[in-house]
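Enquirer: I would like the atomic coordinates for the input below:
(one chain, ligands or ions: 1)
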Amino acid sequence: MERDQPVISVRDVRVAFGPHVVLNDLDLDVYRGEILGFVGASGTGKSVLLRTILGLTKKQAGSIVVFGRDLDRIGDEERIQVDMRMGVLFQHGALFSSLTVKENIQVPMREYLTLPRQLMDELAMLKIELVGLSRSAADKYPSELSGGMIKRAALARALSLDPDIVFLDEPTSGLDPVGAAEFDELIAKLRDTLGLTVYMVTHDLDSLFTVADRIAVLGNKRVLIDGTIEDMLKSEDPWVKSYFRGKRARRIVLTENEPARAES
Ligand SMILES: Nc1ncnc2c1ncn2[C@@H]1O[C@H](COP(=O)(O)OP(=O)(O)OP(=O)(O)O)[C@@H](O)[C@H]1O
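Expert: Prediction:
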């Protein structure tokens with residue numbers, strides 16, 4: 001993994017809604033090919049930062065550089081090129097209920113490209129297979145899918161344009177532990193096979209322990225600490241300590257290190 005090459009650099013970012021300052025002096029780097037787990041207490045601004053990086057929420061100060069381009073200094077054409085390289089899976093799945101899985105995956109293709117129908121169908125099928133759905137899922141509507149299948153279909157749509165980065169907002173929320181673990185495996189596989197960079201907002205300790213290469217913690221309106229899971233376990237920050245060394249976290253550490261004992 002090339003650690004010296006950030007694909008996203010956020011510097012001194014400030015976001016406020018009226019008098020309510022949500023992010024202030026926030027710095028963050030995301031490196032090519034890594035899975036970054038982004039955590040923080042509820043309401044600290046994880047979604048606001050995600051939306052700010054995507055250009056959906058306005059910042060009052062600071063800079064965001066993506067693929068070497070400062071987003072404040074590029075024109076509309078170049079912005080579209082940048083947008084096409086970033087796929088997003090929003091927290092609440094957000095598949096269009098009136099469209100089939102295949103049609104949902106084709107939404108970004110229709111928005112950004114002009115492709116013949118047959119080619120779009122073939123590309124959608126490739127994405128369906130890539131995320132581990134069966135080909136028969138293509139013509140199903142979201143209401144006919146399980147929670148796990150909806151997440152996979154939404155991921156297939158996020159991958160529609162072969163992005164370099166995918167942003168996942170709590171991708172395993174609402175899945176049972178087996179479904180969540182399978183989704184984590186899929187993310188790791190996609191990172192390994194496609195070289196994807198993954199920015200994953202999550203509350204899921206299992207995901208953080210098993211697939212995140214690096215973790216960034218949001219607190220006090222900025223990134224409080226970033227590093228490996230070992231760095232988190234060493235931190236003396238009270239929130240980081242209670243999150244990563246609390247009862248639930250200890251159970252995961254035990255399961256990973258001593259499966260037999262943990263299961264008994
Ligand atoms: N459009 C908006 N207008 C005003 N305030 C907003 C807006 N969007 C977010 N906020 C405020 O910003 C703060 C951070 O919200 P955000 O949704 O980013 O938190 P979060 O860390 O993602 O929380 P959770 O883990 O619960 O999803 C909250 O106080 C929220 O009310």
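Enquirer: Give me the nearest residue to E170, chain neighbours excluded.
Expert: Nearest non-adjacent residue to E170, counting by Cβ to Cβ, 6 or more residues apart in numbering: Q91, 4.8 Å away. Where you see a C-beta, it was placed from the backbone N, CA and C, and this is true even at glycine.
Enquirer: and that neighbour, what does it touch?
Expert: S47, D169, E170, S173, V201 (Cβ atoms under 8 Å, 6 or more residues apart in numbering).
Enquirer: Okay, it and K151: tell me how far apart.
Expert: Relative to K151, Q91 is positioned 11 Å away (Cβ to Cβ, to the nearest Å).
Enquirer: Kindly report the same for M86.
Expert: The gap separating M86 from K151 is 19 Å, by Cβ to Cβ.
Enquirer: And for R51?
Expert: Applying Cβ to Cβ, the value for R51 to K151 is 20 Å.
Enquirer: For these two, indicate the residue with more neighbours.
Expert: K151 (26 against 18; other Cβ atoms under 10 Å).
Enquirer: Out of the contacts of Q91, which two sit at the greatest distance?
Expert: Greatest spatial distance in those: S47 and S173, 12.4 Å, computed using Cβ to Cβ.
Enquirer: Show me which residues of the chain sit near the ligand.
Expert: With Cβ under 6 Å from any ligand atom as the criterion, the chain comes near the ligand at residues F17, V22, G40, S42, G43, T44, G45, K46, S47, V48.
Enquirer: Which ones among those map onto strands?
Expert: The strands, defined by DSSP state E, take in F17, V22, G40 from those.
Enquirer: Phi first, then psi, for G62.
Expert: The phi/psi pair for G62 (degrees, to the nearest 10) reads phi 100, psi 180.
Enquirer: in terms of contact, does it touch V10 like I think?
Expert: Yes: counting by Cβ atoms under 8 Å, V10 is a contact partner of G62 at 7.0 Å.
Enquirer: in the stretch 1-150 of the chain, which ranges drop under the pLDDT threshold?
Expert: 1-4, 93 (pLDDT under 70).
Enquirer: The same query, at a cut-off of 90, please.
Expert: 1-5, 90-94, 112-115, 146-148 (pLDDT under 90).
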